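[1] here's my sequence, what's the structure:
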Amino acid sequence: MLLNDYDDIREGMPALLSQILARPAVAIDLGTANTRVASADGLRLVEGPSLIRHVQQGRPEQGEDEYISYINNKLVSSPLRGGVIIDVRNAANLIRPLLKKAAPSWRAPLVLSCAPTDSSDHERRFLAEAISRAGARRVVIIPEVWAAALGAGINVDAGVASLLIDIGEGVTDMAVIRERRVVFATAVRTACADLQRAVRNVAIIGHKISLYPHEVQRLTQEVVGRATSDDPPAEGKIKAVGMGIVSGREMSVEVSRRELIGAIEPVLGRIMLMIEVGLRRLSPELTAEISRSGICLSGGGACFQGMDRLVARRTGLAVRLAPEPLNSVINGVRSALGQWRRQDGWWKNVVWPNVPQSREVPEAVARLAP
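    Numbering: from 1, shown residues only. This is a model prediction of the structure:
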């Protein structure tokens, strides 16, 4: 090695040492269905279901059948409901291994996470506490829908208002963003999980069968597409497989399409009512700007065939899907973190915004609840 090489190494040592000692920064999207954890540099993205297994699962036997899989699924629970944490201890247990994979460092990471716009101070404290218990040095929380807007590619700096609706697993969140500010927001704790629950209940009540999770998802996808179509309601039946509640054995049934559509329509109605009432609460100026920019849909609900068509029909506005609906939130949190972490003490300048909320929306939706 030449002397010049030693000089180059010596000159680069401060930067190298700074890089080694730098505290890692991590983005977290703790969703009702899935939890996603990403490093700020974009090199690592770790994802897993938001479930805690209450028994130690051994190595699966080769050829394990649906019955064993069904029983195993009964021994798990979620520490989240409606987009917020209800069990801090198990939420921390859920986050901890994902955090270690995304930030394999001896220094505890700084974490930027997000919460629904209608979340209370208490619910956000639960989120911060769970992430801290999982190993974070410091936790900062921003509105989930603002992160989704960033991840969907919306220009949040624009002087013209943009409207984003994030239909997640536990909550549907809607916000109007202009000049980096959330100028209006509303949310309802009705979303994809409620659609799946409606489908599951039809099978339980009418056929005494508990459908396998993948069957519930398949049926929900199909009937949402049918329910949002302009065509007349489809007749006929759909075959589904699950575990007999009385017999305890695997069985298949044929479920009426009309019955399934009738079960999910009230859920879709509550989501659409939230959107319609929210739009009516906007100022004339914001309404005019939104009529030009349209609506962007993100979240798992955006992946249902026909959901964009239904929103467009009920609002009269142009609707487009986010490029990666399922990853809009985590991409947005990671993007914000990548920008802010270049500033010393950035976390001191990030506060939960005073978002104008409409009380009329959840009250109107509550009147539709079964």
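[2] now do the domain split for the chain, please.
    The chain breaks down into these domains under automatic domain parsing: 23-154+324-355, 193-255.
[3] among the ones you listed, which is nearest R281?
    Distance to R281, taken as Cβ to Cβ, is lowest for domain 23-154+324-355 among the domains of the chain, at 12.8 Å. C-beta: built from backbone N, CA, C; applies to glycine.
[4] remind me which residues of the stretch 201-350 of the chain are low pLDDT?
    232-234, 346-347 (pLDDT under 70).
[5] which parts of it are strands?
    Along the stretch 201-350 of the chain, the segments classed as strands by DSSP state E, counting those that start in this stretch run 209-211, 237-244, 250-256, 295-298, 319-321.
[6] nearest to Q217, out of those strands?
    Using Cβ to Cβ, the strands of the stretch 201-350 of the chain put strand 209-211 closest to Q217, at 9.4 Å.
[7] who does that closest one touch, helix- and strand-wise?
    With contacts taken as 3 or more Cβ pairs under 8 Å, 6 or more residues apart in numbering; DSSP states H and E, strand 209-211 sits against helix 192-207, strand 237-244.
[8] can you give the contact residues for that strand?
    70, 199-200, 203-204, 219, 240-245, 251, 253 (Cβ atoms under 8 Å, 6 or more residues apart in numbering).
[9] longest single helix anywhere in this structure?
    The single longest helix within the chain, with elements called by DSSP state H, is helix 257-280.
[10] gap between stretch 215-226 and the chain center?
    Centroid separation between stretch 215-226 and its chain, computed with Cα atoms, centre = their mean, to the nearest Å, is 19 Å.
[11] next, the buried residues of it.
    Neighbour-count burial for stretch 215-226 flags E215, V216, R218, L219, T220, Q221, E222, V223, V224, R226 (criterion: 16 or more other Cβ atoms under 10 Å).
[12] again, but for stretch 259-271
    Residues of stretch 259-271 classed as buried by neighbour count (16+ other Cβ under 10 Å): E259, L260, I261, A263, I264, V267, L268, R270, I271.
[13] kindly report the same for stretch 30-47.
    Residues 30-40, 45-47 are the ones in stretch 30-47 that count as buried (16+ other Cβ under 10 Å).
[14] of the residues you listed, which belong to strands?
    L30, N34, T35, R36, V37, A38, S39, L45, V46, E47 (DSSP state E).
[15] hmm, which two among those are most spread apart?
    Going by Cβ to Cβ, the pair spanning those furthest: N34 and S39, at 17.5 Å.
[16] how about the strands in the stretch 51-200 of the chain?
    For the stretch 51-200 of the chain, the strands defined by DSSP E, counting those that start in this stretch cover 52-53, 76-77, 80-81, 84-85, 110-115, 138-143, 162-167, 172-178, 181-188.
[17] before we move on, back to that, please convert the ones in strands among the buried residues of stretch 30-47 to JSON lines, extending it with pLDDT and distance to I85.
    Formatted as JSON lines, these follow (pLDDT from 0 to 100; distance: Cβ to Cβ, whole Å):
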{"residue": "L30", "pLDDT": "95", "distance to I85": "7"}
{"residue": "N34", "pLDDT": "95", "distance to I85": "15"}
{"residue": "T35", "pLDDT": "96", "distance to I85": "11"}
{"residue": "R36", "pLDDT": "96", "distance to I85": "16"}
{"residue": "V37", "pLDDT": "96", "distance to I85": "15"}
{"residue": "A38", "pLDDT": "95", "distance to I85": "19"}
{"residue": "S39", "pLDDT": "91", "distance to I85": "23"}
{"residue": "L45", "pLDDT": "93", "distance to I85": "22"}
{"residue": "V46", "pLDDT": "95", "distance to I85": "19"}
{"residue": "E47", "pLDDT": "95", "distance to I85": "18"}
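[18] show me which of these is closest to S132.
    When those are compared for distance to S132 (Cβ to Cβ), L30 wins out at 12.9 Å.
[19] hey, which of the helices and strands packed on strand 209-211 is tucked in deepest?
    Ranked by mean neighbour count under mean count of other Cβ atoms under 10 Å, the helices and strands packed on strand 209-211 are led by helix 192-207, which reaches a mean of 20.
[20] now the angle from that one to strand 172-178?
    On the basis of axes from the mean of the first three to the mean of the last three Cα atoms, to 10 degrees, helix 192-207 is oriented at 160 degrees to strand 172-178.
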